[in-house]
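Chemist: Sharing a model prediction with you, sequence too.
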4 protein chains.
Amino acid sequence: MIIALKNSIRTEEQEHLIQWLESQGVRVHISVGEFQTIVGLVGDTTRIDTDLIRGLTFVDSVTRISEPFKKANRKFHPDDTVVKVNGGAAAFGGGAFSLIAGPCSVESEAQVETIARAVKESGACVLRGGAFKPRTSPYDFQGLHEEGIRILSEVKKLTGLPIITEIMDIAHLPLFDDVDIIQVGARNMQNFELLKELGRTNKPILLKRGLANNIKELLMSAEYIMAGGNEQVILCERGVRTFETYTRNTLDLSAVAVLHELSHLPVVVDPSHATGAARYVKPMALAAAACGADGLMIEVHNDPPHALCDGPQSLTPEQFDDVAKAVRKVREAIS
Amino acid sequence: MIIALKNSIRTEEQEHLIQWLESQGVRVHISVGEFQTIVGLVGDTTRIDTDLIRGLTFVDSVTRISEPFKKANRKFHPDDTVVKVNGGAAAFGGGAFSLIAGPCSVESEAQVETIARAVKESGACVLRGGAFKPRTSPYDFQGLHEEGIRILSEVKKLTGLPIITEIMDIAHLPLFDDVDIIQVGARNMQNFELLKELGRTNKPILLKRGLANNIKELLMSAEYIMAGGNEQVILCERGVRTFETYTRNTLDLSAVAVLHELSHLPVVVDPSHATGAARYVKPMALAAAACGADGLMIEVHNDPPHALCDGPQSLTPEQFDDVAKAVRKVREAIS
Amino acid sequence: MIIALKNSIRTEEQEHLIQWLESQGVRVHISVGEFQTIVGLVGDTTRIDTDLIRGLTFVDSVTRISEPFKKANRKFHPDDTVVKVNGGAAAFGGGAFSLIAGPCSVESEAQVETIARAVKESGACVLRGGAFKPRTSPYDFQGLHEEGIRILSEVKKLTGLPIITEIMDIAHLPLFDDVDIIQVGARNMQNFELLKELGRTNKPILLKRGLANNIKELLMSAEYIMAGGNEQVILCERGVRTFETYTRNTLDLSAVAVLHELSHLPVVVDPSHATGAARYVKPMALAAAACGADGLMIEVHNDPPHALCDGPQSLTPEQFDDVAKAVRKVREAIS
Amino acid sequence: MIIALKNSIRTEEQEHLIQWLESQGVRVHISVGEFQTIVGLVGDTTRIDTDLIRGLTFVDSVTRISEPFKKANRKFHPDDTVVKVNGGAAAFGGGAFSLIAGPCSVESEAQVETIARAVKESGACVLRGGAFKPRTSPYDFQGLHEEGIRILSEVKKLTGLPIITEIMDIAHLPLFDDVDIIQVGARNMQNFELLKELGRTNKPILLKRGLANNIKELLMSAEYIMAGGNEQVILCERGVRTFETYTRNTLDLSAVAVLHELSHLPVVVDPSHATGAARYVKPMALAAAACGADGLMIEVHNDPPHALCDGPQSLTPEQFDDVAKAVRKVREAIS
């Protein structure tokens, strides 16, 4: 960490600051320049609150050189974390790649079962389905809630597929007993109270990147979960907000490469939500596979043309089968 | 609402769609063009879920002409809403302007009392102070929690100033009994479960705009609270994320004018968090007053140079006094 | 195009507007609603200036349903455009895929020749090299200018590789006689005078997307060139500005799929500038190939560790050879 | 400047780097840490190309502590620059405040004269009018070009008002002989060849901030002009691109305060282009005046309701008169 001091700093202020920094367990190097004095901190600066230092009137700027995340950091944990689901029915990371598929919203047991059997046949090994739906408008469909989770559990029993569904509030946690992977949606990526609570569970957490959050913030949110003791975090790139309007969001595939460099956690890509359009899901799924994603999460609906409640981004089971096959070919090509 | 259909639509699909739309209580006009058929919906389209329609394979695009918010909409509620706090100790909107001031974090009763007495003297009529602090890093100071709220309550008794503090989780709501205005922070603007719960309280809610959210989304989140029955919502502009790095965020003052046009709700501006630097607070406070804000929320700390835990954006009580005086002059100039 | 009128419009204003619109050669449909009257325009609305209409006091909003670009539009030109360079030495589009490679800046003839021979050996069929360099600081190296182009021409003679280099000002056009593809950089994507002039040449133009421009704006800039008569435009995705800082820009690979849907023009991807880091070039090159790019543009430098003037994003010739091989495998996998 | 080295650096590489840095005229301090070695540079680092250093394989990161601009930097030029126009007919900076007003596009001599006389009466002291218009679509009206400038010159003679108009290409410079302030539009803020050429003129340049450019980049573009010898640069904040759609762009008024801190150059605000809507111009003009802008640039058209070619952001002369009066009151209130 680098602290640039103003020239107007008084001697006792500078001494006071240096003492305090050393008391935090870091070593301090000082370079006196003509216009500025620069203080370099060496050691574990993770727990130093840069905002506190930035607040001092005699400080010009504070720059972190090393990352503020530790448990998620590959520097301190060089080997890939492999997140295993339901005793190995699915796995993410360290070479393991899994397909997650299912409908945007759980509508009925028949619907979910049909889709689950189809996607399993095509190679999916985790079933997704929304029971609690975050919607921008209070007047839009908000999901089946408990009933949705009950249906997912039922279909899990019938098909053997582990299930993933989104949590929107701590109070709902007891309903997630039978859920195999708990999803934190983009809008809750910085719901810190929720993250802390999930850090106390022992279930894998799929953490989606916020719509306007950068990679460091995503890893800091993973750190919240891991700091609580739960290290089974799967990161999920699902597009960020940009000025582009032809796609719902802009899928940031370079994040896959950056996350793999900075962290040992597995990275899954969600091309359905990122693009918001079924016709872009295949090219983006292939691209994600080509750049090393550890899994894909794809929306599939059994009968898009006759239903009013599927998202425009859902694939049919046939389309999903085609995507799954093409993804396998791309993964072979890069191996 | 305008729905553009693809030329490939079959007659029965189009008829099915029209019937369904009419069953939703809107009138339908159809214009057949060479390349596209355009369906115009007239009436109350608030409850029509555009994502459902966009999902149909024969639909090219869906465009809302009227706003999707209703209770927050000035069209249906032309007069300004005035939010009165604690029996009129403070008021926002309809010409009423109030200053909210206090420390970023509650540190001790002595600290909060000193600041409260000073800012009251300078004209502030609501005391702010953070008890639950959303921090990007799990290793940063997270606030005094219950003890913080207890201190605020104590100082409220001593000074008569109503208090505002941020809520981060529904489960904490019982602690907010003595709080006069509940603040929803930028990161929770789309924590829909929290918004719904606050809609069932009868306290004024100060709703901060999310870091990368637009005005429509802010109003939709207000709508979540209002749809639950609580119409005492104060909107708060606190800067949005841009590519600028000299300021923490970019204060969007045109949002004040736009919000006043679209909605009857009062609008408060927070120049401290927006800029992240004490030296920019005064010019931005004056600018906010000049463009018609209904209040300001400003961080004040009694002794920034000797404390390590104030934000770099805090004013001293003397600086706040100077800002408060200048704000009054600007408000007189525009009245 | 949809025009929403305010309720306050007077009859003669509305009639005047309708007459004017019809005089522009479009058909007009009117839907009268309770709160708003909606005017739908059907026909060729490309030449209608929406800003003019938006300027009228009685107009609430103007929404384009069809795209404002015509010559670049796949609707009016369903087949892929294939841009052939130098009599077919390279080709982009319609199934043809070409690798463009070379140094960021031209430094010396020896440097360029060495790199050119190496990348040709690995399968590149166009040589890139910067002679005019757009730099944020006036104190940074600005390129060798005429001498840079002379060196590229020389190496073209020696190796047979067609050359591409960037133009920064119309006045330099005479220097580009021997250049095979003229590149328009991201910062000049909306330098409309330059685009118009390039529309009068008969050379292929590689048009890079601006740092904060969306796909529609990119296609409108292509339209500027094509409207002048030059239809050999290659679009280039090179990353957009986002809040991410680990990569220089954020490569928008979904743009490849969207551009292929909206336009018949070929699309090339530049992973070097997008990521700004050599170690991310390979995964992004593979991803670009997987999602259907018609070519790649990659920076290669012969001796990065001992030179002070190569960009951090340059590959060595050996690394490029590895990337080229892996790209071929991915292209086979998706074919 | 701070350079963080990788631990993998070899001794001779580090020595080679240090020698090269010292040869650039800066002093070098080295701090050896457990995970990283940090090199601090002290002295004039303006001319050190950070990209070159970032390109070295053994460099982890490069961070500028001091600003890369020098001539525009207040540190080296503490007093405000006052830009005087036409022998003092207008002045910007150092307490001087001027209103620039006029139509978006020059349409006819009668139009421009009428508007010029009206805005002069209301206190404007510079006349604006577009002759060359940057338009996103090649099919939209592009301005009257030479004829537009001729009309502005004519009206300058008749009214005595100095004139400002936008340049879009170096080749047009000879047409600007009679123009008093040359405007560089947002899309040309990084047209470096144009900036260099304008640095060789002796006319005041009004430099608009690019749509997605930050303050540092704006100042670097000013530096391009000043490095050529022309130090009469007026900076102009005109809104940046954000996710907000109710306004055309988002006016960044904190940029006024930041620019005044970092630079001695005057800052003008353009609320018309920023908001894109006449009804937001007054509140934003008042806010700009309140936060210390050195001038305003406002679009005025004589007869918006009956013309098809004014922008939706134009005020009538009466509205402008009202704004000018209110701006004066706000300026008095803050003085």
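Modeler: Here it is on my side, so go on.
Chemist: Show me which residues of chain A sit near chain D.
Modeler: Within reach of chain D by CB under 8 Å from any CB of the partner chain, chain A has these residues: A:2, A:4, A:27, A:29, A:31-36, A:38, A:40, A:42-43, A:60-61, A:63, A:65-66, A:75, A:212, A:241, A:243. (Each C-beta comes from the backbone N, C-alpha and C, glycine too.)
Chemist: run the last query once more with 7 Å
Modeler: Residues of chain A lying near chain D by CB under 7 Å from any CB of the partner chain: A:2, A:4, A:29, A:31, A:33-36, A:38, A:40, A:42, A:61, A:63, A:65-66, A:241, A:243.
Chemist: all strands of the stretch 151-300 of chain A, in order?
Modeler: Remark: strands assigned in the stretch 151-300 of chain A by DSSP state E, counting those that start in this stretch are A:163-167, A:181-184, A:205-208, A:233-237, A:267-269, A:295-299.
Chemist: who in the stretch 151-300 of chain A is up against chain B?
Modeler: The stretch 151-300 of chain A comes close to chain B at residues A:168-171, A:187-188, A:190-193, A:211-212, A:217, A:220, A:223-224, A:227, A:241, as judged by CB under 7 Å from any CB.
Chemist: And those residues, which of them are buried?
Modeler: Using 16 or more other CB atoms under 10 Å in any protein chain shown as the burial test, those include A:168-170, A:187-188, A:190-193, A:211-212, A:217, A:220, A:223-224, A:227, A:241 as buried.
Chemist: A:P271 and A:M284 touch, don't they?
Modeler: Yes - using CB atoms under 7 Å, A:P271 makes contact with A:M284 at a distance of 3.6 Å.
Chemist: Identify the contacts common to the two.
Modeler: In terms of CB atoms under 7 Å, 6 or more residues apart in numbering or on different chains, A:P271 and A:M284 are both contacted by the residues A:L251.
Chemist: So for the helix ranked longest in chain A, what gets flagged as buried?
Modeler: Counting residues, the longest helix in chain A under DSSP state H turns out to be helix A:317-334. For helix A:317-334, a neighbour-count test (16+ other CB under 10 Å) marks A:317, A:319-321, A:323-324, A:326-327, A:329-331, A:333-334 as buried.
Chemist: Can you give me the neighbour number for A:T201?
Modeler: A:T201: 16 surrounding residues under other CB atoms under 10 Å in any protein chain shown.
Chemist: Would you enumerate the residues in contact with it?
Modeler: A:T201 is in contact with A:N230, counting by CB under 7 Å, 6+ apart.
Chemist: rerun at 8 Å
Modeler: By CB atoms under 8 Å, 6 or more residues apart in numbering or on different chains, the contact set of A:T201 is A:173, A:182, A:230.
Chemist: Can you tell me which of these has the most neighbours?
Modeler: Counting by other CB under 10 Å, A:I182 has the largest number of neighbours within those, with 20 neighbours.
Chemist: Domain ranges for chain A, per the record?
Modeler: As assigned by automatic domain parsing, chain A contains the domains A:2-63, A:83-334.
Chemist: end-to-end on the longest one?
Modeler: Using CA to CA, to the nearest Å, the end-to-end distance of domain A:83-334 comes to 22 Å.
Chemist: same check, this time on the first one
Modeler: According to CA to CA, domain A:2-63 extends 5 Å from its N-terminal end residue to its C-terminal end residue.
Chemist: Wondering if it reaches chain B at all.
Modeler: Yes - applying CB under 8 Å from any CB, one finds domain A:2-63 touching chain B at A:13, A:20, A:46-47, A:49, A:51-59.
Chemist: Narrow the residues of chain A next to chain D to those in strands?
Modeler: A:2, A:4, A:29, A:31, A:38, A:40, A:42, A:61, A:63 (DSSP state E).
Chemist: pull the helix or strand with minimum mean pLDDT from chain A.
Modeler: When each helix and strand of chain A is scored by mean pLDDT, DSSP states H and E, helix A:50-54 comes last, with a mean of 78.
Chemist: For that one, name the packing helices and strands.
Modeler: Packing contacts for helix A:50-54, counted by 3 or more CB pairs under 8 Å, 6 or more residues apart in numbering or on different chains; DSSP states H and E, involve strand A:59-63.
Chemist: residues making contact with the helix or strand that the strand it packs on is followed by?
Modeler: Following strand A:59-63 in sequence order, the next helix or strand is strand A:83-85 (DSSP states H and E). Residues from elsewhere that reach strand A:83-85, judged by CB under 8 Å, 6+ apart: A:90-93, A:98, A:126, A:162, A:180-181, A:204, A:232-234, A:265-266.
Chemist: Apply 6 Å and report the result again.
Modeler: A:91-93, A:162, A:180-181, A:204, A:232, A:234, A:266 (CB atoms under 6 Å, 6 or more residues apart in numbering or on different chains).
Chemist: what does stretch A:259-278 give?
Modeler: By CB under 6 Å, 6+ apart, stretch A:259-278 touches A:72, A:74, A:77, A:80-81, A:83, A:92-93, A:219, A:233-239, A:247-249, A:251, A:256, A:281, A:284-285, A:288, A:293-299, A:312-313, A:315, C:254.
Chemist: In ChimeraX, how would I select just the buried ones from these?
Modeler: Buried residues among those (16+ other CB under 10 Å), as a ChimeraX selection:
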select /A:72,74,80,81,83,92,93,219,233,234,235,236,237,238,239,247,248,249,251,256,281,284,285,288,293,294,295,296,297,298,299,312,313,315 /C:254
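Chemist: residues contacting the one residue in the stretch 101-250 of chain A that gets nearest to chain B?
Modeler: Across the stretch 101-250 of chain A, the shortest distance to chain B (CB to the nearest CB) belongs to A:A212, at 3.0 Å. A:A212 is in contact with A:241, B:212, B:241, C:243, counting by CB under 6 Å, 6+ apart.
Chemist: Would you format these as CSV with pLDDT included?
Modeler: Output for the contacts of A:A212, formatted as CSV (pLDDT from 0 to 100):
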residue, pLDDT
A:R241, 96
B:A212, 94
B:R241, 96
C:F243, 95
